[in-house]
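In: show me how the following folds:
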Amino acid sequence: MQLKSMRNKVCYVLIALWVACAVPQSVAGDALPAEHTFGAIADCQYCDGNSRGDRMYALSKQKLADCVAEFNTMPLDFVTHLGDFIERDFKNFDVLNPIFDQLTMPKVHVLGNHDFSVADHLKKDVPAKLGMPAKYYDYEVKGWRYVVLDGNDVSFHAYPEGSTEAKHASEYYIENKISSPKWNGAIGAPQLAWLKTVLEQAQENQQAVILFCHFPVYPQNGHNLWNADEVMTLLESYPCVKAYINGHNHRGNYGKKGGIHYVTLKGMVETETNSYAVIKVSDDTIDIVGYGREKSRSLPIQHDSAHIH
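Out: The predicted structure follows:
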């Protein structure tokens, strides 16, 4: 127990150091909520392979380069990639990372299912390869709380075959009578407990919250987390939660439930036309400016008595 406690303390220290180093003081230090803008990409999903249908994997390298060049012309506070950076093969991280590293602002990665389409012995190295402080974490930007979730927490693809985690995923899938495809996943109990603590702190500190995850939870479709309803029930218990932004469903999607905007960005990998967004967050709205195939939206933030922000 002492060893586990020490390990947790070390993990929190490392995350704190990452936030301090990766996020400029002008982003992390403001006490009051302030307008800010970030770039968002979903499902670059690169590999040097043949296209499959509308998925043009090899084109994603240039699409990402074009997107990075465009983002670097803007005063963005950070850029997030919402998972599936690669289609497969660990070596492809080395193709994309130098491009993504050209961004002049902080970078935030979310883990997708295809990011684990690598050799079993390399699966544990994926978060570090993407420069992530942990598989799930949170950080502050100008008075707003951002939460990065790991929807591969309970899954068939994120762990070596025969591992304890893989066996747990199989048991979870059977015991909960999951009908959603096996290439989705769930957020496990420890991560849900951590999320509850983060949301409680945000509520207490009157911080509005935006969440990132690779997998959607709403509206209902075949790409959703295995335990989407459980996650939504938790989110809707905290009026500080304003939006949940994800990828995975390359067609994109949108819904609003319980005062929360659920936004699925379109996949960059699809078709010859690029797709990404610039998202401006203010006290009243979340404005999404779509580029290429991505749709622009203006999402009002709820201000009734049940919501703090």
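In: please count neighbours and contacts with C-alpha atoms only from this point.
Out: Will do.
In: next secondary structure after the helix or strand of the chain with the lowest mean pLDDT?
Out: Lowest on mean pLDDT, DSSP states H and E among the helices and strands of the chain sits helix 25-28, with a mean of 38. Downstream of helix 25-28, the next assigned helix or strand under DSSP states H and E is strand 36-41.
In: show me what that following strand is packed up against.
Out: In terms of contacts (3 or more C-alpha pairs under 8 Å, 6 or more residues apart in numbering; DSSP states H and E), strand 36-41 is packed against strand 78-81, strand 275-281.
In: parallel or antiparallel, list what pairs with the longest one.
Out: As defined by DSSP bridges, the strand partners of strand 275-281 come to strand 36-41 (antiparallel), strand 285-292 (antiparallel).
In: can you list contacts of the last one?
Out: What it means is strand 285-292. Applying C-alpha atoms under 8 Å, 6 or more residues apart in numbering, the contact partners of strand 285-292 are 273-281, 295-301.
In: swap in the first one?
Out: Residues from elsewhere that reach strand 36-41 (C-alpha under 8 Å, 6+ apart): 71, 75-82, 141-142, 265, 267-268, 275-282.
In: can you pull the phi/psi pair for Val110?
Out: When read as degrees, to the nearest 10, the backbone of Val110 gives phi -120, psi 140.
In: swap in Glu140?
Out: In terms of degrees, to the nearest 10, the main-chain angles of Glu140 are phi -110, psi 140.
In: coming back round to it: for Pro190, find the nearest of the strands paired with strand 275-281.
Out: Set against Pro190 and scored by C-alpha to C-alpha, these come closest in strand 36-41, at 27.4 Å.
In: dump the closest one to CSV, keeping only the CA atoms.
Out: C-alpha atoms of strand 36-41 as CSV (Å, rounded to 0.1, in the frame of the first residue of the first chain):
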residue,chain,number,x,y,z
HIS,A,36,-9.3,31.7,-25.4
THR,A,37,-9.0,29.8,-28.6
PHE,A,38,-7.6,26.3,-29.4
GLY,A,39,-7.2,24.2,-32.5
ALA,A,40,-8.7,20.7,-32.7
ILE,A,41,-8.0,17.7,-35.0
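In: and the helix or strand just after that strand, how far from the chain's centre?
Out: Along the chain past strand 36-41, the next helix or strand (assigned with DSSP H and E) turns out to be helix 60-71. Its chain's C-alpha centre and that of helix 60-71 lie 19 Å apart, by C-alpha atoms, centre = their mean, to the nearest Å.
In: a strand runs through Phe215, doesn't it?
Out: No. Looking at Phe215 with DSSP: H, G, I helix; E, B strand; the rest coil, it is coil, so not inside a strand.
In: quick one, strands of the stretch 201-309 of the chain?
Out: Using DSSP state E, counting those that start in this stretch, the strands of the stretch 201-309 of the chain run over 209-213, 241-246, 253-257, 260-264, 275-281, 285-292, 297-300.
In: reformat those strands as JSON lines; add mean pLDDT and distance to His109.
Out: Formatted as JSON lines, these follow (pLDDT from 0 to 100; distance: least, C-alpha to C-alpha, whole Å):
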{"stretch": "strand 209-213", "mean pLDDT": "99", "distance to His109": "9"}
{"stretch": "strand 241-246", "mean pLDDT": "98", "distance to His109": "12"}
{"stretch": "strand 253-257", "mean pLDDT": "98", "distance to His109": "21"}
{"stretch": "strand 260-264", "mean pLDDT": "98", "distance to His109": "16"}
{"stretch": "strand 275-281", "mean pLDDT": "98", "distance to His109": "15"}
{"stretch": "strand 285-292", "mean pLDDT": "98", "distance to His109": "19"}
{"stretch": "strand 297-300", "mean pLDDT": "98", "distance to His109": "23"}
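In: list the residues that contact Val241.
Out: Applying C-alpha under 8 Å, 6+ apart to Val241 gives the contacts 199, 208-211, 235, 260.
In: turn these into CSV, including distance to Phe156 and neighbour count.
Out: As requested, those are exported to CSV (distance: C-alpha to C-alpha, whole Å; neighbours: other C-alpha atoms under 10 Å):
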residue, distance to Phe156, neighbour count
Leu199, 28, 23
Ala208, 33, 24
Val209, 29, 25
Ile210, 27, 20
Leu211, 23, 18
Leu235, 25, 22
Ile260, 29, 21
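In: now flag whichever of those is closest to Ser180.
Out: Leu235 (20.9 Å).
In: and the closest residue to the closest one other than its chain neighbours, how far is that from Lys257?
Out: Of all residues not flanking Leu235 in the chain, Val241 sits nearest, at 6.5 Å (C-alpha to C-alpha, 6 or more residues apart in numbering). Using C-alpha to C-alpha, to the nearest Å, Val241 is found at 11 Å from Lys257.
In: quick one: which of the strands paired with strand 275-281 is nearest Pro160?
Out: Taking C-alpha to C-alpha, strand 36-41 is the member of those nearest to Pro160, at 27.8 Å.
In: alright, calling it a day.
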